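Visitor: After the sequence you'll find the predicted model.
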Amino acid sequence: MSFRKYIRRNIYKWHRVTSLLVAVPVLLWTISGFLHPVMGALKPEVKNSRLPATTIDTSAITISLKEALQQNGIDSLQNFRIVKLYRGFYFQVWQKGLDSLTYLNCESGNVLTNGDQHYAAYLAQRYLWEENGTGKNDNHDHGKLTASLSSGASVDVRSGPVKPNTKVVSTKRLTKFTDHYKASNKLLPVYEVAFNREDSIRLYIDTKADRLSLASDEKKRWFTNFFSLTHSWSFLNGLGKTKAVLLGTFSLLCLLSSVFGFAVYNIMKPKKKSSTQSKRWHRVLGNIFLLTTLLYAFSGAWHAFAKLPARALLSLEKQNISSADVDLNLQELLTNLSPDEKLSNVSVAQVNGELYWQVVYKKEKTVAKKYIATKTGAVLKNGDAAYAASLAAAFKGAEQADIVATSAVSSFNHRYSMMNKRLPVVENKFEDGDAVFVETATGEIAALTKPADEAERFSFSNLHMHHYWEMWLGKAAGKAAKNTVLIASTLGLLLLALTGIIIYLRKRFLNAKKASQIS
């Protein structure tokens with residue numbers, strides 16, 4: 001028997017068997033895939049997705065950082081920032097070995113008890129209701145709370161200034177991912193701030209970067225759990241790497257089933273009118289959605305199998321800095337800024353063994369950084385790139401000379417997707433093809449991509465999620481086009497699977513009927 005005849009004789013059976021094997025997975029994937037862009041449009045009601053940079057009133061800072069640290073017996077730190085909490089300013093101090101950040105009042109030097117909780121609740125309220133993120137709503141009547149915060153006393157965060165239905169009911173620190181705050185959110189630790197609203201909204205706040213990691217209401221939590229079960233198969237999480245193998249295998253079976261079906265109906269068999277309406281629909285839908293089916297299956301399989309190799313943790317041990325070395329003189333620092341540059345924040349950065357003040361400033365509508373040597377006051381040229389390169393090389397265990405290109409990334413793209421969460425970052429490209437993305441604002445490693453990872457991420461972003469529309473048409477029009485393609489293609493695949501199941505069940509019913517007549 002020739003190979004062609006062998007294929008012709010068996011290909012329908014192969015199509016039927018592979019289709020039956022992937023029938024349930026395809027139904028789960030298409031239903032959840034169809035709902036994904038639909039539910040994505042039903043976002044929780046939050047006023048702001050980001051907050052504007054704060055302008056620091058240096059006249060309100062009457063104690064130096066060094067004095068505040070000494071007053072509280074803090075001999076070393078990993079970093080610090082100056083943050084505004086209601087009407088007051090605080091030194092936000094990052095210390096090794098402590099579960100949360102320490103807040104020292106910039107007037108008295110006193111420690112604010114549960115300061116990280118207070119700050120998380122304050123940020124969450126601003127994200128939830130502050131008009132245009134302007135900070136103008138800070139002037140609500142909260143004198144009693146402000147006085148308590150200034151004294152460093154313990155205060156119930158639920159007593160803060162609120163608008164109707166935005167009262168904080170709980171603030172909980174998360175150090176690991178949960179059923180509601182999944183690993184796809186990347187950022188830890190965060191605070192889960194729950195509000196007294198009908199939608200039971202929760203905001204997840206990263207206090208180190210004043211960042212909203214996730215806003216989740218009842219609808220979003222329901223869909224997140226539903227999508228996790230039906231699309232990502234979270235019910236198999238206990239199987240470890242086996243889950244990725246199963247997802248990849250079923251994706252490949254889906255791809256084979258599509259190829260076999262196309263060959264059956266268009267190549268191997270004479271083109272004749274199908275005997276039933278379900279067969280005609282199945283053939284038409286199979287031809288229309290062949291390409292998208294192959295793209296979904298191929299990119300899905302690649303994405304699943306790409307999770308099998310062990311991944312290094314994206315963390316870099318931060319060095320301790322002696323409190324004696326952070327003798328911050330704000331007035332002297334301001335001499336490095338021009339009159340139209342307004343101080344927004346200051347922290348410390350170690351670049352090639354030297355300490356620098358990382359000065360964040362606002363100039364009209366832009367936010368930028370300067371790196372000023374703590375000892376000499378000299379400004380480091382291309383400081384952000386130099387700092388990122390030093391962190392990237394330390395993370396890789398490589399030399400900075402191995403970095404062949406450094407570039408700022410201010411928006412997500414197919415090389416650095418929104419799944420990485422952090423922006424802005426600096427990309428450091430190494431000779432071996434690896435790229436290390438560094439968030440200089442926090443000194444964190446945002447992502448590590450290898451050449452193979454880059455190809456896989458491009459595949460998943462464009463072949464599976466169709467983000468190429470946003471690159472072609474821009475964010476707004478591209479997102480609408482992308483969602484239209486996702487909804488149409490997943491609905492088409494759902495109908496394709498359902499017509500296939502109807503054909504199979506009808507055949508089983510007719511065979512059973514014939515058997516009963518014979519007997």
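Guide: Thanks, I have it.

Visitor: which ones are touching the residue most central in space within the chain?
Guide: The chain has residue 421 as the residue nearest its centroid, 3.5 Å off, counting by C-alpha atoms, centre = their mean. Shown in contact with residue 421 (C-beta atoms under 8 Å, 6 or more residues apart in numbering): 185-187, 213, 446. Backbone N, C-alpha and C define where each C-beta goes, glycine included.

Visitor: who touches stretch 279-290?
Guide: Around stretch 279-290, the neighbours that count as contacts under C-beta under 8 Å, 6+ apart are 258, 261-262, 265-266, 273-274, 489, 492-493, 495-496, 499-500, 503.

Visitor: Count the neighbours of residue 322 for me.
Guide: 11 (other C-beta atoms under 10 Å).

Visitor: Count the neighbours of the closest residue to residue 352 other than its chain neighbours for me.
Guide: Sequence neighbours aside, residue 390 is the residue nearest to residue 352 in space, at 5.5 Å (criterion: C-beta to C-beta, 6 or more residues apart in numbering). Burial of residue 390 is recorded as 21 neighbouring residues (other C-beta under 10 Å).

Visitor: What of residue 295?
Guide: 17.

Visitor: tell me the contacts of the nearest residue to residue 303 once chain neighbours are set aside?
Guide: Spatial nearest neighbour of residue 303, chain neighbours left out: residue 460 (4.7 Å); criterion: C-beta to C-beta, 6+ apart. By C-beta under 8 Å, 6+ apart, the residues touching residue 460 are 299, 302-303.

Visitor: and the helix or strand hosting residue 480, how far from the chain's centre?
Guide: Using DSSP states H and E, residue 480 falls within helix 475-518. Distance of helix 475-518 from the chain centroid (C-alpha atoms, centre = their mean, to the nearest Å) equals 33 Å.

Visitor: packing partners for it?
Guide: Secondary-structure packing of helix 475-518 (3 or more C-beta pairs under 8 Å, 6 or more residues apart in numbering; DSSP states H and E): helix 3-40, helix 277-288, helix 290-305, helix 468-473.

Visitor: at 7 Å instead, please
Guide: On a contact count with 3 or more C-beta pairs under 7 Å, 6 or more residues apart in numbering; DSSP states H and E, helix 475-518 meets helix 3-40, helix 277-288, helix 468-473.

Visitor: count of residues packed around the nearest residue to residue 321 once chain neighbours are set aside?
Guide: Nearest residue to residue 321, sequence neighbours excluded (C-beta to C-beta, 6+ apart): residue 77, at 5.8 Å. Number of residues near residue 77 (other C-beta under 10 Å) recorded here: 22.

Visitor: Could you give the backbone dihedrals for residue 77?
Guide: In terms of degrees, to the nearest 10, the main-chain angles of residue 77 are phi -150, psi 160.

Visitor: again, but for residue 42
Guide: Residue 42 adopts backbone torsions of phi -100, psi 70, taken as degrees, to the nearest 10.

Visitor: distance of it from residue 487?
Guide: From residue 42 across to residue 487, the span is 14 Å (C-beta to C-beta, to the nearest Å).

Visitor: Which one's more surrounded, those two?
Guide: Between residue 42 and residue 487, counted using other C-beta under 10 Å, the more crowded position is residue 487 (16 against 11).

Visitor: And the more buried one, what's its pLDDT?
Guide: What the model reports for residue 487 is a pLDDT of 94.

Visitor: My guess is it contacts residue 35. True?
Guide: No - the criterion here is C-beta atoms under 7 Å, and residue 487 misses it with residue 35 at 9.2 Å.
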